[in-house]
Every structure is written in C-alpha cells, then in structure tokens.
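[1] Build me a structure from this.
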Amino acid sequence: MFQLFHLSADKSTNLQQQLREQIAQVILNGNIPPDSPLPSSRKLAKQLNIARNTVVLAYEHLLDDGYLIARERSGYYVNPDILAHKVEAPRADQDEVAATTLDWSQRLVMQPSQQRNMRKPRDWQSYRYPFIYGQFDPALFPTANWRGCCRDAVSIPAIRDWASDRFDNDDPLLMEQIRTRLLPRRGVWASPEQILVTVGAQHALYMLARLLLRPDSLMGIEEPGYVDIRNIAMLNPSRVQPLAVDNQGLILSDKLNDCDLIYTTPSHQCPSTVTMPLERRYELLRRANEHDFLIIEDDYESETNFKGNPIPALKSLDKNDRVLYVGSLSKTLAPGLRVGYLVGPEALIREARALRRLMVRHPAANNQRSVALFLERGYHDALILSLMRAYEERHQQMGDALREYLPESSREPSFGGSCYWVKGPDGLDARRLQEEAANHGILIEPGDIHFFGEHPPLNYFRLGYSSIPAERIRPGIKLLAELIERLC
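    As a prediction, this is how the structure comes out:
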C-alpha cells in the first residue's frame, strides 16, 4: 500500500492534506480491501518518513468524512458505506454493444473551435519577456486583501446568506457596489433593475447578440477589432460589417447607417489603443438616433488611465437608451474571476436575466460576495492606484525602448491602458516573428487575427506590459528588434 502514496513538501498543499486526499482516492479506486486494516499511524509515518501526528490527523479527518471506520483494538478500516453506491465495472465476459464511430461533424450544428481565435500559452509566466496582453502581474495582485474577502465570504453567516438558490438574482451587495462605486467613475448612473452581473464581458456580449441579432441583421464591428465579438456575431448567425478606425477610434462613415447594432470600444480601442474624443462620441449618438441603430459600448480598459482626465463613457452621454454598456473587472482585479456587468434599459435587462438563467442561472454567489466585499472595503480603488503607478512606469519604459529600437513602428496610446499596438516593417510576418521570439523567451501576439478578410496585414503585433517587470522591458524590446531585423 505504501507505494500508492507520493508526498512532496514542494506542493502548495501540506503533507497532511496530501495524505488525506491520496488515501481517499485509493479507497474510492478500490485499492484497499474492506476487510484489511490500514497501517498503524506509527508504521505509515515511518514508511513515508513523516511525523506520526500527520498520519493521525489524516486518519481522523477521513474518519469524520466517512471514509474510514474505527474498530476497537483493531485499527482503521474502509467504511463499506462509502463504496455502497459505486458502479462496478462490467466484466470482460459480459455482452457488449458493438462499438461504432459517429461522424460528429454531421451532428454538430455549429463548430466554434473552427473559428480563428486568440491563443495564449498556458505557461506564459515561464517566458522571460512576456509581452502578453490581458494577464495580471502576480506581484501587483493584492493577495492578502483578496484572501481576507474570500475568508469573510465563507463565514457561517455569509454562507447562510448566499448558499441558497438565488434563481436569477444577483448578490445585493455586489449590485450596490457596481451601482454606487464602479459605474459613477464612468459617469453612469443606473438602478438595480438596469444592471446584470455576468460571467465576464464575453458572456454579456454573447447574450446581447442572442437577444438583438436576427439572421438578416447587420452588425458593425471595428476593424481591426475584438476577435470574440466577431466570432459571437458569426455564430448567431448574422451579417457583419467591418468598420474602419483611425487615430480617434471608430470612423463615422456612411457604413454605420445600415447597421442594426454597432460594437465599439471608445475608451481604449481594441487593439489599436486609441481613444474616441468627446465630439465624435456625441456625433455617434446623433447618428444612432437618426438611423435607428443600437450601440454596444465595451468600456475596455477604462480604469487604466494615466494620460489626463478620462472622457465620460458613451453610456453617460446617451439620453435615448441606445447604448448598452459592458464592463468587467478582468483588467483590474483578475481575468480568472470572470466577473462582468451589463447595463441597459430595464426591458432589455429583464430579458437578459431570463436568458442568463437558462445558461448559468447566475454567476457563483460566493465569488459575487467576495468581489462585493473587495469593492466595499476600498481595496479595488487602492488596487487601481497601484496599477496606474506600475503601468505608467512600464508604459514609459516601453515607449522609450520602441522609439530607440523600433522607431516609427508604434503610436503611443492616447489613453493609457496596458499595451502598445505596433506596426512592423512592411515585409515582416508577425506570425514568424512570434515563433522566433518564443525561442528567445519573448512572448508577443501577432495582429493579423484582428482584421477581417482572407488577406490581413501581417506586420502588426501587440505588446502588453501588464505582466512584465519594468526592468525587463528594454532588453526584451532590444532583442525583439534584433529578431525583426534578421527576419526582414
């Protein structure tokens, strides 16, 4: 039995928890005969070279959890009740239904995996120069404050409050914090009936597409633009109209007039980083009224502003309920939490809430409470200030390095944010650059995926600085410039 257990002091869990989990696993696997006693605590501790008390505590926990029973003067045994309802594997001699291979391509009505999409390596933190976009820096994450909120969210009173089925309702404390703390920062005021908590911004975008797009609808999307909204629109399916951008964001051409729905990122255009000025925002709203289209405002990276006073959100200027506002905490708190919110007219939010109930019922209530406490205690505001200081330094470092090693290749973000959008030499293929850079510990993102059509420009790429220490930016850009010169 001893060879079944492999304990390591290098793991994040302690030895007692490792032993407890491994004993439970071998019990469920049927590796311990029910009529055979487990080794004594002294014997097992000696064999595994761990403290006897570690084994004693592991056995006691398994006894409390129902995995073991204790027999006086005999020791611990597997509790037969724990295996009572386990399905037995079929015997080899039993008749089996002949195995067949289904052609799933003929059964599936859609194949989202075939769409062009962003791919980020899971081991991005192992790169020395991770110019990856959209990830957080563990060194900046407020671990102690977040752990405190999570701990308080699982106190006995808190559990009694959120553990019951909320059906389609959201945590009232989180709703209040979104309404009174997050939205007013962007000049947006809304009632609780006009707000819906979502599992990230993509969840909000998917629901809006399902609720507002018909097969003959025309959706206008910025080009270059956000990949996920393009793929979401095409899944519905609906027609998609690429809309060009310039150094002031979405260009207000006559192409907008025939659209039913327009998606835009005015605060920090994805991926070019430019900001739509106030005058153009007012003109976009005027056109929406005149030509009867709706606008999805993805207030993308609005919080990461260190380049002057922020421009009010498009939603805050809208007097006719034409702007549907999407926000999230992915770029400030952490992308893995998947916490976002949708703001719109009460009639729309009512239907979005009903649709969400069919999809996920509601986002996990314990996570909602943890985030609500984080917001209520002012930790999020403090985090934004910390991020701004770090991002401003990294922004300056990257700007200086690009001007020195890749002059005229990039335009400085007008709003702030956490990345640079770079246009390399005309002969550069950023996809090849990505492969070569990875071999030298540099992680970049080619930009061709942000364009429509079969022949997108290949010399664009994005350099994020949210996850890379400031002191590594300059040497990383220098090495990247050398690789570009070699490839061109």
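[2] can you pull the contacts of the nearest residue to residue 259 once chain neighbours are set aside?
    Distances taken as CB to CB, 6 or more residues apart in numbering place residue 220 nearest to residue 259, at 4.0 Å, with adjacent residues excluded. Where C-beta positions appear, they are placed from N, C-alpha and C, glycine not excepted. By CB atoms under 8 Å, 6 or more residues apart in numbering, the contact list for residue 220 reads 240-243, 255-256, 259, 261-263, 293.
[3] ok, 6 Å please
    Going by CB atoms under 6 Å, 6 or more residues apart in numbering, residue 220 touches 241, 243, 256, 259, 262.
[4] Tell me how far it lies from residue 253.
    Using CB to CB, to the nearest Å, residue 220 is found at 10 Å from residue 253.
[5] Now the phi/psi pair for residue 421, please.
    In this entry, residue 421 is assigned phi and psi values of phi -100, psi 120 (degrees, to the nearest 10).
[6] pretty sure it contacts residue 271?
    Yes. Assessed by CB atoms under 6 Å, residue 421 is found in contact with residue 271 at 5.4 Å.
[7] buried residues in the longest strand along the chain?
    As assigned by DSSP state E, the longest strand anywhere in the chain is strand 239-246. Buried residues in strand 239-246, counting neighbours by 16 or more other CB atoms under 10 Å, are found at 239-243, 245.
[8] Now render the residues you listed as JSON lines, adding pLDDT and distance to residue 74.
    Output for the buried residues of strand 239-246, formatted as JSON lines (pLDDT from 0 to 100; distance: CB to CB, whole Å):
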{"residue": "239", "pLDDT": "92", "distance to residue 74": "74"}
{"residue": "240", "pLDDT": "94", "distance to residue 74": "71"}
{"residue": "241", "pLDDT": "95", "distance to residue 74": "77"}
{"residue": "242", "pLDDT": "96", "distance to residue 74": "75"}
{"residue": "243", "pLDDT": "97", "distance to residue 74": "77"}
{"residue": "245", "pLDDT": "96", "distance to residue 74": "76"}
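[9] List the contacts of residue 244.
    Counting by CB under 6 Å, 6+ apart, residue 244 has contacts residue 251.
[10] ok, back up a step: strand partners (parallel or antiparallel) of the longest strand of the chain?
    strand 218-223 (parallel), strand 249-250 (antiparallel) (DSSP bridges).
[11] where's the closest residue to residue 118 other than its chain neighbours relative to residue 193, distance?
    Spatial nearest neighbour of residue 118, excluding adjacent residues (CB to CB, 6+ apart): residue 227 at 5.6 Å. Using CB to CB, residue 227 is found at 32 Å from residue 193.
[12] Of the two, give the one with the bigger neighbour count.
    Applying other CB atoms under 10 Å to residue 227 and residue 193 shows that residue 227 carries more neighbours, namely 18 against 13.
[13] Assign residue 330 to helix, strand or coil.
    Under the three-state scheme (DSSP: H, G, I helix; E, B strand; the rest coil), residue 330 adopts coil.
[14] how about residue 192, what does it touch?
    Neighbouring residues of residue 192 by CB under 6 Å, 6+ apart: residue 175.
[15] going forward, begin numbering at 19 instead of 1
    With the count now opening at 19, the last piece we talked about shows up as residue 210.
[16] Can you classify the residue lying farthest from the centre of the chain by secondary structure?
    Most distant from the centre of the chain: residue 91, at 53.8 Å, with distances by CA atoms, centre = their mean. Using three-state DSSP, the structure places residue 91 in coil.
[17] okay, and for the protein, where does confidence drop off?
    Low-confidence regions of the chain, defined by pLDDT under 70, span residues 19-22, 103-116, 324-326, 428, 430-433.
[18] Domain-wise, how is it divided?
    Per automatic domain parsing, the domain ranges recorded for the chain read 20-101, 140-155+401-505, 161-395.
[19] for these, which one sits closest to residue 130?
    For residue 130, the closest of these is domain 161-395, at 6.4 Å, according to CB to CB.
[20] From the chain's centroid, how far away is that closest one?
    Here domain 161-395 is found 14 Å from its chain centre; the criterion is CA atoms, centre = their mean, to the nearest Å.
[21] now for the longest helix seen in the chain, which elements pack on it?
    Secondary structure assigned by DSSP state H gives helix 397-423 as the longest helix of the chain. Helix 397-423 sits against helix 488-505, with contacts defined as 3 or more CB pairs under 6 Å, 6 or more residues apart in numbering; DSSP states H and E.
[22] so the helix it packs on versus helix 397-423, what angle?
    If you take axes from the mean of the first three to the mean of the last three CA atoms, to 10 degrees, helix 488-505 sits at 40 degrees to helix 397-423.
[23] separation between the residue nearest to residue 277 and residue 358?
    To residue 358, residue 238 is 22 Å away according to CB to CB.
[24] again with residue 290
    22 Å.
[25] now swap in residue 410 and tell me
    According to CB to CB, residue 410 stands 25 Å off from residue 358.
[26] neighbour-wise, which of these two wins?
    Counted by other CB under 10 Å, residue 410 and residue 358 do not tie: residue 358 has more neighbours, with 22 against 14.
[27] beta partners of that one?
    Note on residue 358: beta-bridge partners residue 216, residue 346, judged by DSSP bridges.
[28] right, and it touches residue 218 too?
    Yes. Using CB under 6 Å, residue 358 is in contact with residue 218, at 4.6 Å.
[29] Overlap in contacts, those two.
    residue 346.
[30] how much space is there between residue 424 and residue 502?
    Taking CB to CB as the measure, residue 424 falls 7 Å from residue 502.
[31] Surely residue 242 touches residue 470?
    No. Look at residue 242 against residue 470 with CB under 6 Å: they stay out of range, at 8.7 Å.
[32] more neighbours, those two?
    When neighbours are counted by other CB under 10 Å, residue 242 comes out ahead of the other of residue 242 and residue 470, with 24 against 13.
[33] Now do the same contact list for that one.
    289, 468-469.
[34] Including neighbour count, could these go into JSON lines?
    Below are these laid out as JSON lines (neighbours: other CB atoms under 10 Å):
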{"residue": "289", "neighbour count": "24"}
{"residue": "468", "neighbour count": "24"}
{"residue": "469", "neighbour count": "17"}
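[35] quick check, nearest of those residues to residue 182?
    Nearest member of the contacts of residue 242 to residue 182, counting by CB to CB, is residue 289, at 42.4 Å.
[36] how close does the residue nearest the centre of the chain get to residue 501?
    Taking CA atoms, centre = their mean as the criterion, residue 353 is the residue nearest the geometric centre of the chain, at 3.5 Å. Per CB to CB, residue 353 is found 28 Å from residue 501.
[37] Same check on residue 253?
    Taken as CB to CB, the span from residue 253 to residue 501 is 37 Å.
[38] Cool, thanks, signing off.
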